[in-house]
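*Asks:* Got a sequence here, can you build the structure:
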Amino acid sequence: MNRMRLSFAVAGMVASVALGLAIWPHARDAGVVLAAQDDPAALADVRLNSVLRSNPALLGENIEAALASHDADLAASLVALAREKNVALNDELTARVDDAVAEQNSTTHFAKGFATGLVTGNADDVASLSGTVAGDLFVFGDVRDVVREGKHLAMGEDTDRLVLGLAAAGLAVTAATYVSVGGVGPLRAGLTLVKDTRKAGRLSEGLVEWAGRSTRDVVDTPALREAVASGSVFRPRETASAIRAAFRAEKAGALVRAAKDVGRIGEAAGMRAARDTLKIAENPKDLARAARLAEAKGGQTRAILKLLGRGALLLAAGTFNLTMWLFGALLTLFGFLSSIKATAERATASWLRRSKARRLRQMAAQVALAGPAAQG
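*Replies:* Residues are numbered from 1 along each chain as shown. Presented below is the predicted three-dimensional model:
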């Protein structure tokens, strides 16, 4: 019976070790992720390391895909990330990326895209985005958007109130931009980026819903109707002044904070990174975390967003699940220590019993020898 108890204790210790070896990698990763959950850059590093360990060819594959879709900016971001993570890339592949970047940044290409963005307000690349921002800085772009959407509103037609609110906010901010000599530039750029992403239909559903609520009270509708009725894109300054009077700055706090974060992303990682963020962010907290990520990772940001998606901004697994891995590891450790204690106790008890039995046998033998001697 005693030997059986000792065997059970040893078996429990062995089982705890085996279970601990199986759980430990998950518990270790869970601990690292939980420790990094409030630091977007550290969290992204943890997740990237895991992803690249399981698929070392992932970066090369995505670079090829970016080149095939003529997105040299994304390809360059992926190359920068590969260098940061010490992932070897084919020399021929990096040369193709360099050529694509040079072509994208060529004067002809940039000038054409800039003009398109300036006139139409539609942005598909860095050049056209730059043109769109320039148009808004000279109030032309925002006046165009407010007049268009304002006339829809006045005539009872479908109106994109989000674009309307963003353009009205942009006009108010533009005036402050000139006064502060660009001091609120990131906010101005952020409003334009959100507005243009919305117009392109690439703003996430979560942000569309949130921004729609946030812009609902930003515009004084009767005042706007009056401004639009007499306004024209051919008289941008007069029209802009009338529209600014219909903008309720005191109602725009949340919208302004979110736009500032978008502008921070654009400054740190580029306009395309800001656009990519607006596709996956679901709320202002996501935008704030993305801004911190961009400021830490710079040109690698687009690559990180491409590989991790929204997982770059928040825990991929729930905190509860990660905590359960740690709890399981603690239970396993407790079981292991309990098994050691039980094994030690059983082994000690067994040794004491054997020692006692040996002493009793020795005493019995001595008594047996002493009996004949006493008789003699």
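*Asks:* Tell me how many other residues crowd Arg198.
*Replies:* Other residues within reach of Arg198, judged by other CB atoms under 10 Å, total 19. Any C-beta I mention is one placed from the backbone N, CA and C, and that applies to glycine too.
*Asks:* who are the neighbours of the host helix or strand of it, in terms of helices and strands?
*Replies:* For Arg198, the enclosing helix or strand under DSSP states H and E is helix 185-199. Judged by 3 or more CB pairs under 8 Å, 6 or more residues apart in numbering; DSSP states H and E, helix 185-199 is in contact with helix 126-137, helix 140-154, helix 161-179, helix 205-215, helix 253-269, helix 271-280.
*Asks:* I'd like those as a markdown table, with mean pLDDT appended.
*Replies:* A markdown table is the format used below for the helices and strands packed on helix 185-199 (pLDDT from 0 to 100):
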| stretch | mean pLDDT |
| --- | --- |
| helix 126-137 | 66 |
| helix 140-154 | 77 |
| helix 161-179 | 74 |
| helix 205-215 | 86 |
| helix 253-269 | 89 |
| helix 271-280 | 91 |
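*Asks:* Looking at those, spot the one closest to Glu226.
*Replies:* Glu226 lies closest, by CB to CB, to one member of these: helix 140-154, at 9.4 Å.
*Asks:* so what does the closest one touch, helix or strand wise?
*Replies:* Counting contacts by 3+ CB pairs under 8 Å, 6+ apart, helix 140-154 is packed against helix 126-137, helix 161-179, helix 185-199, helix 221-230, helix 236-244.
*Asks:* for that helix, which positions count as buried?
*Replies:* The neighbour-count check on helix 140-154 (16 or more other CB atoms under 10 Å) flags 140-150, 152-153 as buried.
*Asks:* Let me know the closest of those residues to Leu74.
*Replies:* Here the nearest of the buried residues of helix 140-154 to Leu74, counting by CB to CB, is Gly141; it sits at 25.6 Å.
*Asks:* Could you point out the helix or strand that follows the helix or strand of the chain at the bottom of the mean pLDDT ranking?
*Replies:* Across the helices and strands of the chain, mean pLDDT, DSSP states H and E gives its lowest value to helix 2-36, namely a mean of 55. On the C-terminal side of helix 2-36, the closest following helix or strand by DSSP H and E is helix 40-54.
*Asks:* What is that next one packed up against?
*Replies:* By contact count (3+ CB pairs under 8 Å, 6+ apart), the secondary structure elements abutting helix 40-54 are helix 2-36, helix 58-68, helix 284-297, helix 301-308.
*Asks:* Can you list the neighbours in contact with the last one?
*Replies:* The contact list for helix 301-308, computed with CB atoms under 8 Å, 6 or more residues apart in numbering, reads 44, 47-48, 51, 58-59, 62, 73-74, 77-78, 80-81, 265, 268-270, 272-273, 276-277, 280, 290, 293-294, 297, 312, 316.
*Asks:* let's go with 7 Å and repeat that
*Replies:* With CB atoms under 7 Å, 6 or more residues apart in numbering as the contact definition, helix 301-308 has outside contacts at 44, 47-48, 51, 58, 62, 73-74, 77-78, 80-81, 269, 272-273, 276-277, 280, 293-294, 297, 312.
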